[in-house]
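In: no sequence on this one, just coordinates:
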């Protein structure tokens, strides 16, 4: 009897076991928790990096302004245009300004601003910190007696948390202007009537919810970008992964947070 | 070029390492390192790539923690040091990175100012500018003050990296592969700079390298790191001349240019 093993049979490579994957998942979760905890511990302890926070606010805010303006205007314009036929079917075209304002203030402005910021700011933070990590610039800060976490992470997270609500409010106004351009062109509504109709359906809770959302989204984009960059490795490949991970994870979390906040604010209406 | 050993204080060790172990996963990198760095001494750590030379100086600077063993730097035990003490200690240690690690979003001036502004908050603008100019002059690169790191050559980046560490007047200098990736002429310049820094700032240094020319011209003592331990420690001649050690001899035969 031939007892030789058939060496031509392809060996099926087995991936990591479920237990190993689960272990890695919990280790990652614990590292994320420690990172967020460290942010709160260091961000609000003196000395404060006010100058660097302001510089980061400028980087985050002013440089995103053109994109936010353009996108906001188009969102308002398109939303008004696309909603008109549905409202016309019910003879409710006069509700168009109210519909535009509710949609923009409650959902579109914070969401679209955050998605743009996740792509532009989040990826830039991830790539910048990732590049600093792989070229040992973060280690160089550490050994020169500087606290790089405070200087690099806390300042960027605070900047996105401060600036994204401002950008979101700005985008809301620009989008409402975009809606006005479309509505006044088609219906001939005056600016004064439009503004009255825009603000009439909005309550205090809408402004608060929109602001809270933007703050939460801003914090998420900052912390995710910094986390991905801070723990990046494997050279230039790691930098790319950090930038990509920052965008994908931040966008995913923003949508999850949107659902949760919408549910919570629903209880207060 | 051999250095004058008259300034070395063999009674005063600024770094003491006893029984140091460090592993990464299953890989045991350092397996019981014992080392003394004396005041005013330049100690060169030689070894093949991946033998844990950089790990050793990262443990000394507190970037990595030892698994086992005692590391005492300037009287502070690295196993029991608090975050605040570590931060104060790091100001007394200069670390020159293999790739210089210059902050690429800042000009040379900002790179050099950064450690000063962060650590010596009582300095005036005038004093900061003076320190920056002095240290740039010491490394012979005054004209690069407003340039970005990307505009500098490899040798210039190394020099600026060294300038950034000596601006805080450290007592200990740690050099990680100071001549890696440089042409022979620039290597000689960097070796001379290391000796100048030692003389000018009276530092004690650990120089990690696998460049024997660098080792010979800068080192008062050579420590050969093999299999996670220092196998041979002594002057360049003691380590390399008349040795029959098969692990050391090829290093000399293939690497050294007389």
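Out: Everything's here; your move. These numbers were taken from a predicted model, which means no experiment stands behind them.
In: could you use CA atoms for every contact and neighbour count after this?
Out: OK.
In: flag every residue of chain A that's near chain B.
Out: Proximity of chain A to chain B, by C-alpha under 8 Å from any C-alpha of the partner chain, involves residues A:132, A:135-137, A:139-146.
In: list the buried residues for the helix or strand hosting residue A:156?
Out: Using DSSP states H and E, residue A:156 falls within helix A:155-187. Residues A:155-183 are the ones in helix A:155-187 that count as buried (16 or more other C-alpha atoms under 10 Å in any protein chain shown).
In: if we can go back for a sec, quick one, which of the residues of chain A next to chain B are buried?
Out: Using 16+ other C-alpha under 10 Å, the buried members of those are A:132, A:135-137, A:139-146.
In: identify the farthest-apart pair in those.
Out: A:135 and A:145 (18.1 Å; C-alpha to C-alpha).
In: thinking again about what came up before, and the helix holding residue A:156, what does it pack onto?
Out: Taking 3 or more C-alpha pairs under 8 Å, 6 or more residues apart in numbering or on different chains; DSSP states H and E as contact, the helices and strands that helix A:155-187 lies on are helix A:50-61, helix A:65-89, helix A:96-103, helix A:109-117, helix A:191-199, helix A:204-230.
In: ok, 10 Å please
Out: helix A:18-43, helix A:50-61, helix A:65-89, helix A:96-103, helix A:109-117, helix A:191-199, helix A:204-230 (3 or more C-alpha pairs under 10 Å, 6 or more residues apart in numbering or on different chains; DSSP states H and E).
In: got the angle for the longest one vs helix A:96-103?
Out: Pointing back at helix A:204-230 there. 40 degrees (axes from the mean of the first three to the mean of the last three C-alpha atoms, to 10 degrees).
In: quick one, the helix or strand just after helix A:204-230 and helix A:109-117 angle?
Out: Elements were assigned by DSSP H and E; along the chain past helix A:204-230, the next helix or strand is helix A:235-268. Interaxial angle of helix A:235-268 relative to helix A:109-117 (the same axes, to 10 degrees): 180 degrees.
In: any idea how far helix A:235-268 is from the chain center?
Out: 6 Å (C-alpha atoms, centre = their mean, to the nearest Å).
In: residue B:231 belongs to a helix?
Out: No. Assessed with DSSP: H, G, I helix; E, B strand; the rest coil, residue B:231 is strand; it does not lie in a helix.
In: OK, now which residue of the stretch 151-269 of chain A is nearest to chain B?
Out: residue A:151 (10.2 Å; C-alpha to the nearest C-alpha).
In: so what's that residue up against?
Out: A:42-43, A:48-50, A:52-53, A:141 (C-alpha atoms under 10 Å, 6 or more residues apart in numbering or on different chains).
In: swap the cut-off to 7 Å and go again
Out: Contact partners of residue A:151, counting by C-alpha atoms under 7 Å, 6 or more residues apart in numbering or on different chains, are residue A:49.
In: swap in residue B:97?
Out: Counted by C-alpha under 7 Å, 6+ apart, residue B:97 has contacts B:175-176.
In: if I look at residue A:88, how far off is chain B?
Out: Distance of residue A:88 to chain B, given as C-alpha to the nearest C-alpha, to the nearest Å: 55 Å.
In: pLDDT value on that residue, please?
Out: On pLDDT, residue A:88 comes in at 88.
In: next, count neighbours for it.
Out: By other C-alpha atoms under 10 Å in any protein chain shown, 13 other residues sit near residue A:88.
In: tell me the span between the first and last residue of stretch B:224-231.
Out: 6 Å (C-alpha to C-alpha, to the nearest Å).
In: ok, and what's touching it?
Out: Taking C-alpha under 7 Å, 6+ apart as the rule, stretch B:224-231 contacts B:29-33, B:45-47, B:51-52, B:223, B:232-233.
In: out of those residues, the closest to residue A:24 would be?
Out: Nearest member of the contacts of stretch B:224-231 to residue A:24, counting by C-alpha to C-alpha, is residue B:29, at 24.2 Å.
In: any idea which of the helices and strands packed on helix A:155-187 is most buried?
Out: For the helices and strands packed on helix A:155-187, average neighbour numbers computed from mean count of other C-alpha atoms under 10 Å in any protein chain shown are highest in helix A:109-117, which has a mean of 25.
In: for that helix, give me every contacting residue.
Out: A:68, A:167-168, A:171-172, A:210, A:213-214, A:217-218, A:251.
In: which of the buried ones among the residues of chain A next to chain B fall in strands?
Out: Of these, none are assigned to strands by DSSP state E.
In: make sure residue B:22 is indeed in a strand.
Out: Yes. Counting by three-state DSSP, residue B:22 is located in a strand.
In: please list the residues of the stretch 1-150 of chain B that sit near chain A.
Out: Residues of the stretch 1-150 of chain B found near chain A (C-alpha under 7 Å from any C-alpha of the partner chain) are B:61, B:87-88, B:90-91, B:95, B:101-103, B:115, B:118-119.
In: how about a markdown table for the residues you listed, with secondary structure, pLDDT and neighbour count added?
Out: Formatted as a markdown table, the residues of the stretch 1-150 of chain B next to chain A follow (DSSP: H, G, I helix; E, B strand; the rest coil; pLDDT from 0 to 100; neighbours: other C-alpha atoms under 10 Å in any protein chain shown):
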| residue | secondary structure | pLDDT | neighbour count |
| --- | --- | --- | --- |
| B:61 | coil | 94 | 24 |
| B:87 | helix | 90 | 19 |
| B:88 | helix | 91 | 15 |
| B:90 | helix | 93 | 22 |
| B:91 | helix | 92 | 25 |
| B:95 | strand | 95 | 28 |
| B:101 | coil | 94 | 23 |
| B:102 | coil | 96 | 27 |
| B:103 | coil | 95 | 23 |
| B:115 | helix | 93 | 21 |
| B:118 | helix | 89 | 13 |
| B:119 | helix | 89 | 16 |
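In: need the contact list for residue A:155.
Out: A:49, A:52-53, A:56.
In: ok, 8 Å please
Out: A:43, A:49, A:52-53, A:56 (C-alpha atoms under 8 Å, 6 or more residues apart in numbering or on different chains).
In: which one of those is nearest to residue B:21?
Out: Distances from residue B:21 to the contacts of residue A:155, taken by C-alpha to C-alpha, are shortest for residue A:43, at 34.9 Å.
In: what would the helices and strands packed on helix A:155-187 look like in a markdown table with distance to residue A:236?
Out: Listed next are these as a markdown table, based on distance: least, C-alpha to C-alpha, whole Å:
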| stretch | distance to residue A:236 |
| --- | --- |
| helix A:18-43 | 22 |
| helix A:50-61 | 24 |
| helix A:65-89 | 28 |
| helix A:96-103 | 41 |
| helix A:109-117 | 23 |
| helix A:191-199 | 49 |
| helix A:204-230 | 12 |
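In: and those helices: which comes nearest residue B:74?
Out: Checked against C-alpha to C-alpha, the stretch from the helices and strands packed on helix A:155-187 lying closest is helix A:18-43, at 27.7 Å.
In: what is the lengthiest helix in chain B packed up against?
Out: Counting by DSSP state H, the longest helix found in chain B is helix B:184-201. Under the contact definition 3+ C-alpha pairs under 8 Å, 6+ apart, helix B:184-201 sits against helix B:154-166, helix B:212-218.
In: would you single out the least confident of those helices?
Out: When I compare the helices and strands packed on helix B:184-201, helix B:212-218 is least confident, with a mean of 89.
In: what comes into contact with stretch A:53-62?
Out: A:121, A:155-156, A:158-160, A:162-164, A:167.
In: now for those residues, which pair is the farthest apart?
Out: A:155 and A:167 (17.7 Å).
In: OK, contacts around the closest residue to residue A:129 other than its chain neighbours?
Out: Setting aside the residues directly before and after it, residue A:129 is nearest to residue A:229 in space (C-alpha to C-alpha, 6 or more residues apart in numbering or on different chains), at 4.5 Å. Contacts for residue A:229 (C-alpha under 8 Å, 6+ apart) come out as A:125-131, A:133, A:239, A:242-243.
In: if I look at residue A:229, how far off is residue B:249?
Out: 43 Å.
In: low-confidence stretches in the chain?
Out: Looking at chain A here, since you left the chain open. Across chain A, residues meeting the criterion (pLDDT under 70) sit at A:1-15.
In: my bad, chain B
Out: B:1-6, B:254-258.
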